[in-house]
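Engineer: turn this into a structure:
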Amino acid sequence: MFGRIIGLVLLFLVAWVVFVARPSSGSGPERTYVVKPYDTLWSIARASYNGDPREGIWKLRERNHLSGTVIRPGQKLVLP
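Structural biologist: Numbering: from 1, shown residues only. Have a look, this model is predicted:
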């Protein structure tokens with residue numbers, strides 16, 4: 001009896017994983033930003049993130065593999 005219950009529970013879990021569980025798309029599609037003249041990482045971070053822009057700058061640099069803070073007009077940045 002106990003083996004049947006365990007088997008049913010495992011069957012239910014496998015069915016749930018296959019048919020119900022889906023990857024989360026809560027973050028939405030990847031967003032890109034094209035740098036305009038006179039843009040700075042600070043201005044982009046301030047416009048794109050809530051809270052402290054310094055954290056947004058850090059995220060921008062990490063996501064785009066920037067070694068410094070220099071950006072150029074026309075450059076495409078991926079917004080994390």
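Engineer: which secondary structure elements does the helix ranked longest in the chain contact?
Structural biologist: Taking DSSP state H as the criterion, the chain has its longest helix at helix 2-19. Contacts defined by 3 or more CB pairs under 8 Å, 6 or more residues apart in numbering; DSSP states H and E place helix 2-19 against no helix or strand at all. Bear in mind the C-beta positions are built from the backbone N, C-alpha and C, glycine included.
Engineer: which residues touch stretch 41-49?
Structural biologist: Stretch 41-49 is contacted from outside by 33, 35, 53-57, 59-61, 69, 71, 77, 79, using CB atoms under 8 Å, 6 or more residues apart in numbering.
Engineer: one more pass at 10 Å, please.
Structural biologist: 31, 33, 35-36, 39-40, 51-61, 64, 66, 68-71, 77, 79-80 (CB atoms under 10 Å, 6 or more residues apart in numbering).
Engineer: buried ones among those?
Structural biologist: Y33, V35, D39, P53, G56, I57, L60, R61, N64, I71, L77, L79 (16 or more other CB atoms under 10 Å).
Engineer: quick one on the thing from earlier: what's the next secondary structure element after the longest helix of the chain?
Structural biologist: Next along the chain after helix 2-19, taking DSSP states H and E as the criterion, comes strand 31-34.
Engineer: next structured bit after that next one?
Structural biologist: Using DSSP H and E, the helix or strand that follows strand 31-34 in sequence is helix 41-48.
Engineer: so how far is P80 from I57?
Structural biologist: Distance, I57 to P80, by CB to CB, to the nearest Å: 11 Å.
Engineer: then G56?
Structural biologist: 9 Å.
Engineer: next: D52.
Structural biologist: D52 sits 15 Å away from P80, going by CB to CB.
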